[in-house]
Structures are given as C-alpha cells and as structure tokens.
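Chemist: Here's a sequence, model it:
(2 chains)
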Amino acid sequence: MRGGVNEFLEQFLIESRELIAQATDDLLALEHSPADTARFDSVFRAIHTLKGAAGIMDFDAMARVSHHAEDLLSTIRAGTQAMTPARITDCLACLDLMTAWLAAMEASETLPEAADAEAAEMIARLSLDHEAAPAAAPSPVPPAPTPGESGISPDAKAILQEQLELLCLPKDAGSAGRNAAAFAVIRNILRRFDPDYDAANGTAMPKPAANPDSSADPNANAVRPMRTDSARIDALLRLSGELVVVKNALGHEVEIARQGGIPKQHSQNFARLHGQLDRLSADLLHASVAARIRPLRQVFQRFPRLVREMAAGLNKKIRLETEGDATEADRLIVEALFEPLLHVLRNAVDHGIEAPEQRAAAAKPIPAVIRLSAARLGEEVVIEIADDGRGIDPAVIRATAEARGVASPQTLQAMAEEELLELIFAPGFSTAGAVSNLSGRGVGMDAVRAAIEGLSGRVELQSRLGLGTAIRFHLPFTVLLTHVVNVEAGGEAFGLPFEAVAETLQLRRDAIGRIGAAETIFWRGQTLPLTSLAKALHLPESPQSEDALQIVIVEHEGEFTALQVDRFGKPAEVMLKPLDGLLAGMRCVAGTALLGDGRVLIVLELQELLQ
Amino acid sequence: MATKILIVDDSKLARMSVSKLLSELRPGWVRLEAANADEAVKQTDQEHPDIILLDFNMPGQSGLELAAQLHETHPDIPVAIVSANIQVEIVERAALAGATFIAKPLTGPALAEFLTAAEAKVAAR
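Modeler: Numbering: from 1, shown residues only, chains lettered A, B, ... in the order given. Now for the predicted structure:
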C-alpha cells in the first residue's frame, strides 16, 4: 500500500491506540485497587512507550505530554502523592487528548495544529495538580502561594511564560485553538491562587476544536486500525474463495483430459497437481478464516470507561468487572457486539443498579458490580452481562404491559414469570419508571435481540428480584460467509451456493431439446437435463419469455444440471444460519440468511434438490 | 559475509525506525528483529547475529536482564541498550551487563558511534 512516512504513521497509530487502550484499562483498574503494582507498572510502561513513539514521529507536543504524565506517575510511585480518582481523571484526560490527536493525524496525515497549545494546557493540569495535593497531608484549603518577589511559584511563572510565547506566535489557522488553550491555562492558574476566581467568560469560551466527540467515547477509534487490517484479510478470504472455485473448475478439466486420452504420465501429473492445489487452496481458505478471529477484548475494553462515565452521570457507584476478554470470536461478531452490549450495560447502569441510598437501605454492597464475561463453550461464544441490582419485578412488567396494551389483562394474569420476563424483548417495551437521558425510551431490548439474532445468536434473560439480572448472548464462534448467487423462481428469492454455479446463460425456447418427457439443453459439448427450479420446489411457475430463458448451470459431485429460473440477482456474501424451529429438517435447504433489507433468503442445497 | 544485527524492541514502530536508520548507516547489513526477550534469545542462538540492539523497556524480561543473560551466553557479541530513561543508574547497570548505553530517541550519530566501535570489536575477534 502506501510506503515511506505513511507506513510509519500507520504503525504509530496502531501502537499508540493499543497503548492508550492498555493505559486506560490499567488506570480504571487502579481506581479500584490503587495498590496493584502490576497495573501501575503496566500503565507506566504504556505511557513511557507512548513517549518513545511520539519521539520517533517527532511529535514534540505528545512527547512532552507523555513525559509529564510519566513524571506524575513517578511521583506517585515514589509515594510523594497518592493515586486518587482525581489523578486518574487527569491521566485519562491526557489519554483522551492523545486519542483526539491520533484521530486528527489519521484524517490529515500531519501533526495536529493546535497540539502545542493543547499540550501546554494539559501539562499545566498535570503539573499543577501534582503539587496542589500532596498525598501525605491533604489540606482542605489550597496552600497559600509562596511569598516571593513575584508572589507566584516558579512553576506557575514558567507556565504563564509559555502561554505568553504561544500568544505571540503569528496568526494562522491554529490561533483560535491556541488562544482558547492559553485562556484556559491562565484561568486555571488564577483559580489555583484564588479559588473564588471566575473569569466572566470562563464557560462561554470555546473549547479547543480538536476534541469534538471524544468525551462520549474516547476509545471509539481504538478498533479502527484493525479495519484497514481486516479489509486486507477479507480480500485474502475472497481470493481464497475464488481460488477454490478455479480449483473446482480445473478438476472438471482434469477429468475431461483423462478421458480424452492424453498420455498417462501427463494425466497422473495433472491429477497430482490438482490434488496439491486442492489441499493448498483449502489450507489457504482455512488460514484466511482464522485470520478473522479477534479477541473480545477489542470490544470489552471500551466499556469500563463508558460505565464509569454513565455511573458518574447518575451518581451511582458501579464497578465493571470483565472476565474472559481473551475469548476469541469472528471479527464480524466482535465488531457488531458493541451496540447491543452498550445497550444492555446502559440498562443495567440505569435501571438495574439501585440508587446508593436504596442499596444502603437493602444492606447491599457499594459499589455495585456489573460483570461482563465471555467464555467459549464448544462451538458457541457465550457473553454474559450480570448485575447485582434490583432485578426485574414481574408485577411491574405485568402492569407496564397492560398499560401499553401489549397483551390483555387476562393473558397477562395467566402468564408465568418467565413468560412475563420475555415481554422485555417486545418492541418498544420499557419498564423504567423515570425516563433518564441515559437509556431514554425507544430502542429497547427488542433491538438487542434483533442484533444478536442477526449474528445467528440468541439472547437469554434471568432475573431474581432484589438480587440482579443476567443477560446472556449465545453466539456462534465462526460466522462463515457463504457466497451465493441470488435467483428468483416462482416469485421467491433463493440463494444458490456460489461454488456450485458453473455458468449463467440465456437461451431461446427453441434451443431446448427433449429426451422423452425430460427437457434438455446442449452445453459445452454435453447434453444436460433442464429442471425448472420453481417446479422442483413445488412453487407456481411464472410465465416465461420465449426468447430469453434464464438458465443456471450447476454442478454437484461432477454432474452438471441446468436450472431454469425467473431472474438472476447479484452474487452476494451472506451469513448462513442453520435451519431451526419450523424449518428444521426441511430438505433442499442449506440454511437461511438475513439480507441487508431485512428479508430472509433461503439458500438451497443442491444435493437434495437434484435427486 | 554480511554483518548481522538483531534489533530487539516490543514496539514495531521503534524497530521500523531503528531499521530505517540502519539501512542508511549500514545498507549492506542483514537486519533481524525480535519483539521480546524469548524471541531475541532464540534468534541469537539460531541466527548468530554479530551485534545486538536492545530496548530497555520491554514487558517481561527487561533489556538489562536480557543483556546480562546474553553477555553470559554470548560474551563476544557487542550489545547496546537503548533507553529513554537517561539515569546514571541505568547507564551503570548497562555497563555492568557488558552493554553500551544509547539514549532514546535514537539519533544517527549516536548509533553510528556505537556501530563503529562494535565493528572494531567484531573484526578483532
């Protein structure tokens, strides 16, 4: 792909995002167990490595910020100050800033313009905080400024000097950002010396521009470098799929060559080489599929931070414990899990976990715990979100369902508890007494269920009143994409396995021959039986145009058959879901797939069909 | 035979950057890479590099420990420890482990100086 500098930039983005994710994870863990030295070493190392990476890229602003963050951590390690939540928030803010810079760098392929000013502000924050609150003797009143000739500390003086230099820089596109940053730094310093100080326009001042959405989810970009990566892997997978098709076609030619009487020596070599190609293409396909496997960490790692923020917004104390994040699943699943997991976690934070006073009254521990865990069970990956909150009250569900007209009072009275819980998944159902700005109303658990079922999975719910709720996603380990050729017959859409389709063609009615009662066509020197797909599936046959019959030549175990269809669609890649429920055991059907527009495509199995 | 140099760093970005510097300073050399201490030991045993560049700060075994280990098993291979922690203590410990200390971020002149000294040492053995 792109070489030279961009290759470095690409690697820099990948590594920095990994390091930021690691550091975030460590900081959140340290918030709950400040004495965890392994975590401390890990965050220290991550920030140190970020500094090194920034140095390699000549990204001075980032190198300076990480250097100061490292210094802050050094003073904490040395015991000069403690790892308090405020300190953790500072470090997280520092990582957020870097995340925003990385996004800007990815977009523009240059260093972010406002970085110097933003770095100065961040460094001021890291340094000021670090002298403001010595751990040993936290004083409720900020210490009075050291009386000196100028009345301000040397640190503050240096920082102010730095702002002055920034403000003197020539006016350019970065000026607005620099001004805003300098404003904020100076305001912070003034506040430090006078806690009551408030600049009149302090809150009205625009924030530096580079950080638009990152407050919502600073790690939203963390998985992005994988996308570049996965596009390549998908290309590999597609190519290996096509190689298999070519290999199959070659097999056919090998057979013809053998019958055509080429010398035995050549025929044997031909067959041997075909055998090797067969094995290699199968291995390649297997390897490309394996390359799509990703650890669930890639989606899990975004949640501790989000749960921390959601809980803070609701004045709840919640600890998110994650377990089994090394469990692997298909990339498609890992990437698609974020939304449904976020939704379930929001529900847990918002509705599941009680307000602190309610928990205290019920003698339940604070912080509350939400466990996000994953495990591989046979061919399934099971993900569970379990909270120790209030649980779901069947009586509340019954009342809500009645009020919303989901079912009649009689039906609801007759329903068992488990059936009532199932109503949570009914479209538009919400049991929250108050609408919070976190979960709101609208999308509900029905959307979660639809998303998981779209991944060929299923959702389970268990709840015990007063003890908590657990929601489990059962998902397939691999999601094999099946290439299909879409066809229509008898007014319905069907998918045919791509490997089985040798050719699609149009024939005039008068090109159809007859052998007894059977219709035939002549194709590549052979006479093939012609079958109407609609008739084979016992569907009404649509009227056919006389001069353009749509024919698909399919191959099954070396035998070719011509299928007449109404129409061809585009080839597509679909996620095949095995038949269950009513359709289970139906012959001729390999499985179903959910199409992009929500329709269900039935993928046919030729073996049964052609018998 | 071309001189072989092994670059040990858990950051691929750092390895890319050292490799680029080396390709400018010693274009004819064979450059090997390892992402951790285990890989470094394996590469050393199998590929017999002439010179080794170690990152100080790696997960698991640190650059210093690895340098000490390599100094014991392969005393004739010149080893440099590259570190952004420029502390007297680390410089001293590097020397004790029989390694040269080079400051990070690595610059052309600093690397060239080590390479010249290392070449002399390799030629003399």
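Chemist: hey, where'd the strands end up in the stretch 201-350 of chain A?
Modeler: With DSSP state E, counting those that start in this stretch as the criterion, the stretch 201-350 of chain A has strands at A:293-295, A:318-323, A:328-330.
Chemist: got the ones you listed as CSV, with mean neighbour count columns?
Modeler: (Glycine included, C-beta is placed from N, CA and C.) Shown next, in CSV, are the strands of the stretch 201-350 of chain A (neighbours: other Cβ atoms under 10 Å in any protein chain shown):
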stretch, mean neighbour count
strand A:293-295, 17
strand A:318-323, 19
strand A:328-330, 23
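Chemist: Show me the one of these that comes nearest A:Gln526.
Modeler: Among the strands of the stretch 201-350 of chain A, the nearest to A:Gln526 by Cβ to Cβ is strand A:328-330 (40.1 Å).
Chemist: Between the strands of the stretch 201-350 of chain A, which one is closest to chain B.
Modeler: strand A:293-295 (16.9 Å; Cβ to the nearest Cβ).
Chemist: can you tell me the helix or strand for residue 122?
Modeler: Using chain A here. helix A:115-132 (DSSP states H and E).
Chemist: The intended chain is chain B.
Modeler: Using DSSP H and E, B:Val122 falls in helix B:108-124.
Chemist: Please write out the alpha-carbon positions of that helix in CSV.
Modeler: Extracted C-alpha coordinates of helix B:108-124, given in CSV (Å, rounded to 0.1, in the frame of the first residue of the first chain):
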residue,chain,number,x,y,z
GLY,B,108,22.1,8.7,13.6
PRO,B,109,25.3,10.0,15.1
ALA,B,110,24.8,8.1,18.4
LEU,B,111,24.0,4.9,16.6
ALA,B,112,26.9,5.4,14.2
GLU,B,113,29.3,5.8,17.1
PHE,B,114,28.2,2.5,18.6
LEU,B,115,28.3,0.7,15.3
THR,B,116,31.8,1.8,14.6
ALA,B,117,33.0,0.6,18.0
ALA,B,118,31.1,-2.6,17.6
GLU,B,119,32.5,-3.3,14.2
ALA,B,120,36.0,-2.9,15.5
LYS,B,121,35.2,-5.4,18.3
VAL,B,122,33.7,-7.9,15.8
ALA,B,123,36.7,-7.6,13.5
ALA,B,124,39.1,-8.2,16.4
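Chemist: Return the distance of it from the chain's centre.
Modeler: Put simply, helix B:108-124 sits 11 Å off its chain's centre (Cα atoms, centre = their mean, to the nearest Å).
Chemist: Could you do stretch A:369-379 as well?
Modeler: For stretch A:369-379 - counting by Cα atoms, centre = their mean - the centre lies 17 Å from the chain centre.
Chemist: what does that stretch contact?
Modeler: For stretch A:369-379, contacts defined as Cβ atoms under 8 Å, 6 or more residues apart in numbering or on different chains pick out A:296, A:300, A:303, A:307, A:318-325, A:327-328, A:341, A:345, A:348-349, A:352-353, A:381-388, A:476-478.
Chemist: can we see that at 6 Å?
Modeler: A:296, A:319-324, A:327, A:348, A:382-388, A:477 (Cβ atoms under 6 Å, 6 or more residues apart in numbering or on different chains).
Chemist: Also stretch B:107-125?
Modeler: Taking Cβ under 6 Å, 6+ apart as the rule, stretch B:107-125 contacts B:21, B:25, B:50-51, B:76, B:78, B:80, B:100, B:102.
Chemist: cutoff 7 Å now
Modeler: Defining contact as Cβ atoms under 7 Å, 6 or more residues apart in numbering or on different chains, one finds that stretch B:107-125 is touched by B:3, B:21, B:25-26, B:50-51, B:76, B:78, B:80, B:100, B:102-103.
Chemist: do stretch A:311-325 as well
Modeler: With Cβ under 7 Å, 6+ apart as the test, stretch A:311-325 has contacts from A:32, A:295-297, A:300, A:303-304, A:307, A:349-350, A:353, A:355-356, A:366-375, A:438.
Chemist: Which of the residues in the helix holding B:Val122 are classified as buried?
Modeler: Under the neighbour-count criterion of 16 or more other Cβ atoms under 10 Å in any protein chain shown, helix B:108-124 has B:110-111, B:114-115, B:118 buried.
Chemist: Pick out the residue of the stretch 1-150 of chain A closest to chain B.
Modeler: For the stretch 1-150 of chain A, Cβ to the nearest Cβ, closest residue to chain B: A:Gly55, 3.8 Å.
Chemist: Could you list the buried residues of stretch A:81-95?
Modeler: In stretch A:81-95, the ones that count as buried by 16+ other Cβ under 10 Å are A:81, A:83-84, A:87-95.
Chemist: now that stretch, how far from the chain's geometric center?
Modeler: For stretch A:81-95 - counting by Cα atoms, centre = their mean - the centre lies 27 Å from the chain centre.
Chemist: for stretch A:409-418, same thing?
Modeler: 37 Å.
Chemist: Residues contacting it, please?
Modeler: In contact with stretch A:409-418 (Cβ under 7 Å, 6+ apart) are residues A:394, A:398, A:401-402.
Chemist: Buried only: go through the residues you listed for me.
Modeler: Buried members of these, counted by 16+ other Cβ under 10 Å: A:394, A:398, A:401.
Chemist: Let me have those in CSV, extended by distance to chain B and pLDDT.
Modeler: What follows is the buried ones among the contacts of stretch A:409-418, written out as CSV (distance: Cβ to the nearest Cβ, whole Å; pLDDT from 0 to 100):
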residue, distance to chain B, pLDDT
A:Pro394, 50, 87
A:Arg398, 54, 86
A:Ala401, 53, 82
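Chemist: From those, which land in strands?
Modeler: Using DSSP state E, no member of the buried ones among the contacts of stretch A:409-418 falls within strands.
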